[in-house]
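K.L.:
Quick one, fold the following:
(2 chains)
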Amino acid sequence: MKKVLLLIFLIFNLAQPAWAMDYTAPTVPDSGADLMPAQTETFSQGLSKVLGKAIGLISPSLAEAAGVCLSLVGIVMLHSVLQTMPTDVKKVISLVSSLAIAGILLSRTSSMLSLGVKTIRELSDYGKLLLPVLTAALAAQGGVTGATALYAGTAVFDTILGTAIAKLLIPMVYGYLILAIAGTATGSERLNKLRDLVKSFVSWCLKIIIYIFTGYITITGVISGSADATAIKVTKITMSGMIPVVGGILSDASEAVLVGAGVMKNAVGTYGLLAVLSVWIAPFLQIGAQYLLLKLTGALCATFGAKEPSQLIDQFSGAMGLLLGMTAAMCTLLLVSTVCFMRGVG
Amino acid sequence: MDSFWQWVAGAMLTVVLGIALGKHSKDISLVLTMVVCCMILLAAAVYLQPVMEFVKRLQTMGQLDDGYGQILLKAVGIGLVTEFAVLICNDSGNSALGKSLQIAATVVVLWISLPLMESLLDLIERIMGGI
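P.N.:
The predicted structure is shown next:
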């Protein structure tokens, strides 16, 4: 009797609690919470809801930006009154109107740059929360090598891009703007060349980081994906061959577990994609609208024959273009890595 | 638009009269030119007023700081008057006077735009401090 009781005690003592792994995507940051759909059946439905809400949100700032562009047109009209005059006074007035344009646009561009930096920081922070969850989910599906390689690569590139944008590229955009103002005011060709050099440098930095990241993702996806698939296949064959009687059943059961983990990972991934888009889309549309409006204003002002002011407006729109590139690069990095995690093993 | 053709005709007539009078009395010819120039400019100012109102309306729509608009308006006004005065000086053979007037106008335009430059510098300083 004692032996039976001891046996029962041991059985209960050895039993370990077991539960399903819980993979929950991190909550959307406050800036994207308003845009995030509460419930969505498919990714495309969610995307259309996010876009619809984002367009509604940016409308007031779009109207404000259009107003600023109209006042720029007014300044250029005033400036163009003196364009046909033969004396040198018009050069000074051209300087004054360029400075007025710079004063109006610099404060707006500065707030847009701050918005861009905030968005990039939020995307980076959200990525740091989302990627470990996706890594764990992919590892549970059998893609241990792929998950590790993807996570390591994305984390490194996320840090590199985030730091490069905040510490190097954004200050360089400010430098570009100040060179543009100085170049227009003084008409110095050297300053204009330096300005173009700064713009090219920023643009090339972004391109290089994204090219290297894409290359890394492609190579690791091919190598680690096939390694994981082979490992899963070998494990299944070993399991069904080595374990007598129940080997086949266990192998089929493991397949069901893997499929379940895959479904969960894709759900987290879809939520993550929509969350990233919710954080990114409104600032991107806002900056994009500013960019297009400034381009349009520059073209319109050029028709008045005001060369310097319209060039200055174009250069400010160029800065907006660089900022668009930065936010888009960070978002692309997160979207591509999330999709790679969702692609899974094989 | 019709009045524009009248100005052109008036200017042409003044040139012919100026040449004819110039042979006998250069002073009267110069005074005639100045008077007609003033009349044309005053007439043009009537047409410039709606343009200025439109520019002000654009500035109001953009909720632009009125200081910027005022500075620019003053600068353009100074520029227009200086151009006119310099051309009259050159016509009367006093190009040195015209050149000094240009320099004076440049200095005045720079002086009135000082607040604009200061506000821009403050903005740049603030941005640089924030980086």
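K.L.:
Mind jotting down where the helices sit in the chain?
P.N.:
Looking at chain A here, since you left the chain open. With helices called from DSSP state H, chain A shows them at A:2-14, A:30-33, A:43-80, A:89-140, A:144-163, A:170-186, A:189-242, A:247-302, A:307-343.
K.L.:
Switch to chain B, please.
P.N.:
Listed from the start of the chain, chain B has helices (DSSP H) covering B:2-22, B:26-61, B:66-91, B:95-112, B:114-130.
K.L.:
just how off-centre is the first one within its chain?
P.N.:
Remark: helix B:2-22 is offset 21 Å from the chain centroid, using C-alpha atoms, centre = their mean, to the nearest Å.
K.L.:
Disregarding residues adjacent in the polypeptide, which is nearest to A:Leu294?
P.N.:
The spatial neighbour of A:Leu294 that comes closest, neighbours along the chain excluded (C-beta to C-beta, 6 or more residues apart in numbering or on different chains), is A:Ser317 at 3.5 Å. Yep, even glycine has a C-beta here, placed from its N, CA and C like the rest.
K.L.:
Between the helices of chain A, which one is closest to B:Tyr68.
P.N.:
If you check each of these against B:Tyr68 by C-beta to C-beta, helix A:89-140 wins as the nearest, at 4.7 Å.
K.L.:
and that closest one with helix A:247-302, angle?
P.N.:
180 degrees (axes from the mean of the first three to the mean of the last three C-alpha atoms, to 10 degrees).
K.L.:
Check whether helix A:89-140 comes into contact with chain B.
P.N.:
Yes. Interface with chain B: helix A:89-140 contributes A:89-90, A:92-93, A:95-97, A:99-100, A:102-104, A:106-107, A:110 (C-beta under 8 Å from any C-beta of the partner chain).
K.L.:
With stretch A:295-302 instead?
P.N.:
No. Under the criterion of C-beta under 8 Å from any C-beta, stretch A:295-302 makes no contact with chain B; the nearest approach is 10.7 Å.
K.L.:
what separates that stretch from the chain centre, distance-wise?
P.N.:
Its chain's C-alpha centre lies 29 Å from the corresponding centre of stretch A:295-302 when counted by C-alpha atoms, centre = their mean.
K.L.:
And stretch A:327-339, by the same measure?
P.N.:
The gap between where stretch A:327-339 is centred and where its chain is centred comes out at 5 Å by C-alpha atoms, centre = their mean.
K.L.:
and for that stretch, what are the contacting residues?
P.N.:
For stretch A:327-339, the external contacting residues (C-beta atoms under 8 Å, 6 or more residues apart in numbering or on different chains) are A:116, A:119-120, A:123-124, A:126-127, A:130-131, A:134, A:150, A:153-154, A:157-158, A:161-162, A:165, A:206, A:209-210, A:213-214, A:217, A:269, A:272-273, A:276-277, A:280, A:283-284, A:287.
K.L.:
Put the buried members of those into a ChimeraX selection.
P.N.:
Only the buried entries of the contacts of stretch A:327-339 go into this ChimeraX selection, using 16 or more other C-beta atoms under 10 Å in any protein chain shown:
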select /A:116,119,120,123,124,126,127,130,131,134,150,153,154,157,158,161,162,165,206,209,210,213,217,269,272,273,276,277,280,283,284,287
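K.L.:
Could you look over the helices of chain B and pick the most buried one?
P.N.:
Neighbour counts (mean count of other C-beta atoms under 10 Å in any protein chain shown) averaged over each of the helices of chain B peak at helix B:66-91, with a mean of 19.
K.L.:
What distance do you get for A:Leu105 to chain B?
P.N.:
10 Å (C-beta to the nearest C-beta, to the nearest Å).
K.L.:
shouldn't that residue be in contact with A:Gln315?
P.N.:
No. Assessed by C-beta atoms under 8 Å, A:Leu105 is found out of contact with A:Gln315, at 9.3 Å.
K.L.:
Where does chain B get nearest to chain A, which residue?
P.N.:
The minimum distance from chain B to chain A, using C-beta to the nearest C-beta, falls at B:Gly62 (2.9 Å).
K.L.:
Hmm, that residue is touching A:Cys69, no?
P.N.:
Yes. With contacts counted by C-beta under 8 Å, B:Gly62 reaches A:Cys69, the gap being 7.3 Å.
K.L.:
What is the neighbour count of A:Lys236?
P.N.:
A:Lys236 has 19 neighbouring residues, counting by other C-beta atoms under 10 Å in any protein chain shown.
K.L.:
Enumerate every residue touching it.
P.N.:
Contact partners of A:Lys236, counting by C-beta under 8 Å, 6+ apart, are A:251, A:254-255.
K.L.:
Do I have it right that B:Ser28 meets B:Leu17?
P.N.:
To be clear, residue B:28 is Ile; Ser isn't right here. No. B:Ile28 lies out of contact with B:Leu17 (C-beta under 8 Å); the separation is 9.5 Å.
K.L.:
Now tell me what touches stretch A:29-43 from outside.
P.N.:
The contact list for stretch A:29-43, computed with C-beta under 8 Å, 6+ apart, reads A:27-28, A:45-46, A:49-50, A:53-54, A:57, A:118-119, A:122, A:125-126, A:270, A:273-275, A:278-282.
K.L.:
Got the phi and psi for B:Ser92?
P.N.:
Geometry field for B:Ser92 lists phi and psi as phi -90, psi 0, criterion degrees, to the nearest 10.
K.L.:
quick one: pLDDT of the nearest residue to it once chain neighbours are set aside?
P.N.:
In space, and not counting its chain neighbours, B:Ser92 is closest to B:Leu30: 5.4 Å by C-beta to C-beta, 6+ apart. pLDDT recorded at B:Leu30 is 83.
K.L.:
just A:Ala229 next, same as before
P.N.:
Among the per-residue scores, A:Ala229 shows a pLDDT of 69.
K.L.:
do the same with A:Gly346
P.N.:
Each residue has a pLDDT score; the one for A:Gly346 is 53.
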